[in-house]
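1. Pasting the sequence and the predicted coordinates here, then a few questions.
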Amino acid sequence: MSVFIEIAQRVGTSGKVEASDIAALRRAIYQDGVVSRAGGEALFGIERVRTAHSDAWSLLFVEALTDYAIKQEPPEGYLSGDTAAWIAAEISKRKQPSTDAEIELVINLIEQSREVPAAFASFALRLVKDMVMYADGPDARGRSHDGARVSEADVIALQRVLWGAGSEGLMAVSRDEAEALVAIANASTGYDNDTKFDDLFAKAIGNYLLGATGRKVPSRDVAFRWETETYRRDAIGIMQAVFGNARRADWGQLKNTGFYEDTIQNARSLSDDVEHRFETENAAYDAAQLAASVMTPEKAGWLLNHVGQNGVVTGPEKALLRFIKQEARSLDPSLAKVMETVA
């Protein structure tokens, strides 16, 4: 650990992580091909004394801690409760987390994980909301967060948190996320927000109001069992199928090689069961999506309570109303007046 101590002392004096430090840290962290908890703690220690932005440092910090958190501990792609609590505790050791490393790490974990603990998801949302509304500082690539104004860096951060697993269709926008966006829009009214914020606001809250609950991924426990038992159970299943069929077959069948090929090819495995379950759940999701596209009185009430709070329908809110008008299968009559603002 001497290399970490030496670099931490040097960074504590200069505030900068030099290119030579990055190379030395990468060698020390990955010397055995894996990242240890001790190595992660050392990175957090350096981060707390760093003051100057460095793209290379942000990359190493996020990459190494992501490798530790979700790629090394089985099942891959899941953030455990213990690791999530440790990361949150490390980040909470200072009043204002860094936007280009610590918050970037949290966003990356949300984006890369198939599932995170609910407490960590809430922690992430709170960090990103506060960053967008109040923080000044760079993101991991040096783009600026500008306090009350919603900048390009803010929009990108929000997209990554909201659509973290969107490529697999696994996530839906929650009520907490929708209300966080409303708070951000209200706080930034009158500022020169990035032009892409209106579209993000409309689609995200539109997803909350008109989208069914996202397709579910297997829980971490189920994924762990699947990952560790699949091959063993598949092999056992095939053997059971072969010998079970053999007990019921006549000797003529047992001399036919096609009998074994058919038995093996059609043996039901754990992966078959999981795939069948997903197909069933996806069909149910499609039906739920159709039902969710109706703006019911309850949804309309939420919308009316969150649009035009300051007496004016703002740009993001108009974009949302246009989205709902276009995408909803039907609208509750209570929305008729507010929809006139985007007629």
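-> That came through, no problem. Residues are numbered from 1 along each chain as shown.
2. Give me the neighbour count for the nearest residue to H306 once chain neighbours are set aside.
-> Using CB to CB, 6 or more residues apart in numbering and skipping the chain neighbours, the partner closest in space to H306 is V182 (4.9 Å). C-beta coordinates here come from the backbone N, C-alpha and C atoms, glycine included. Neighbourhood size, V182 [other CB atoms under 10 Å]: 19.
3. would you list every one of the strands in this structure?
-> 136-138, 144-146 (DSSP state E).
4. among those, which is the most enclosed?
-> Among the strands of the chain, ranked by average contacts under mean count of other CB atoms under 10 Å, first place goes to strand 144-146 (a mean of 19).
5. Which neighbouring elements make contact with that one?
-> In terms of contacts (3 or more CB pairs under 8 Å, 6 or more residues apart in numbering; DSSP states H and E), strand 144-146 is packed against strand 136-138, helix 152-162.
6. just checking, the residue nearest to H306 touches I205?
-> Yes. Between V182 and I205 there is a contact at 7.4 Å, judged by CB atoms under 8 Å.
7. picking that back up, mind pulling up the pLDDT for the residue nearest to H306?
-> We note a pLDDT of 95 for V182 in this prediction.
8. again, but for G45
-> 96.
9. cool, and L290?
-> At L290, pLDDT is 72.
10. so what's it closest to, chain neighbours aside?
-> Nearest non-adjacent residue to L290 (CB to CB, 6+ apart): R329, at 7.7 Å.
11. The one you found and I205, how far apart?
-> 17 Å (CB to CB, to the nearest Å).
12. More neighbours: the two, which one.
-> Per other CB under 10 Å, whichever of R329 and I205 has more neighbours is I205, with 27 against 11.
13. Give the closest residue to that one in space, chain neighbours not counted.
-> Leaving out its chain neighbours, I205 is closest to A178 (CB to CB, 6+ apart), at 4.9 Å.
14. again, but for E47
-> Per CB to CB, 6+ apart, closest to E47 is A101, 5.4 Å.
15. Check A119 too.
-> For A119, the spatially nearest residue (CB to CB, 6+ apart) is A84, at 7.0 Å.
16. contacting residues around that neighbour?
-> A69, V116, P117, A119, F120 (CB atoms under 8 Å, 6 or more residues apart in numbering).
17. how does it look with 10 Å?
-> Applying CB atoms under 10 Å, 6 or more residues apart in numbering, we find A84 in contact with 69-70, 106, 109, 113, 116-121, 123-124.
18. Spatially nearest residue to I46, not counting backbone neighbours?
-> Nearest to I46 is A8, by CB to CB, 6+ apart, at 5.0 Å.
19. What's the local residue count around that neighbour?
-> 21.
20. Do you know the pLDDT at it?
-> 95.
21. roughly how far apart are it and L25?
-> In terms of CB to CB, A8 sits 10 Å off from L25.
22. close enough to count as contact, the residue nearest to I46 and R48?
-> Yes. A8 lies in contact with R48 (CB atoms under 10 Å); the separation is 8.9 Å.
23. Show the pLDDT at D67.
-> 95.
24. wait, isn't it in contact with L43?
-> No. Using CB under 10 Å, D67 makes no contact with L43, being 11.3 Å away.
25. Quickly list what's touching both of these two.
-> I29, V35.
26. okay, these two: which has more neighbours?
-> Set side by side, D67 and L43 show more neighbours around L43, with 25 against 16, by other CB under 10 Å.
27. give the contact list for the closest residue to that one other than its chain neighbours.
-> Nearest residue to L43 in three dimensions, chain neighbours excluded: F61, at 5.6 Å (CB to CB, 6+ apart). F61 sits next to 17, 22, 25, 40, 43-44, 46-47, 50, 54, 98, 100-102, 104-105, 108, 140 when contact means CB under 10 Å, 6+ apart.
28. before we move on, the earlier item: report the buried members of the contacts of A84.
-> Among the contacts of A84, those classed as buried by 16 or more other CB atoms under 10 Å are A69, I70, V106, L109, S113, V116, P117, F120, A121, F123, A124.
29. Can you pick out the most distant pair from these?
-> I70 and F123 (15.7 Å; CB to CB).
30. returning to that earlier point: can you get me a residue count around the residue nearest to I205?
-> By other CB under 10 Å, 22 other residues sit near A178.
31. which residues sit in contact with it?
-> When contacts are taken as CB under 10 Å, 6+ apart, A178 is in contact with L162, F201, A204, I205, G206, N207, Y208, L209, W302, L303, H306, L320.
32. How about R37?
-> Here R37 is in contact with Y68, T83, W86 (criterion: CB under 10 Å, 6+ apart).
33. how's the chain carved up into domains?
-> 2-171, 220-292 (automatic domain parsing).
34. which stretch in those has the least confidence?
-> Across the domains of the chain, domain 220-292 gives the lowest mean pLDDT, at a mean of 55.
35. doesn't A24 make contact with Y30?
-> No. The pair Y30 / A24 is not scored as a contact, 11.5 Å apart, by CB under 10 Å.
36. Now do the shared contacts for these two.
-> Joint contacts of Y30 and A24 (CB under 10 Å, 6+ apart) do not exist.
37. For I5, see how far away A319 is.
-> For A319 relative to I5 (CB to CB), the value is 52 Å.
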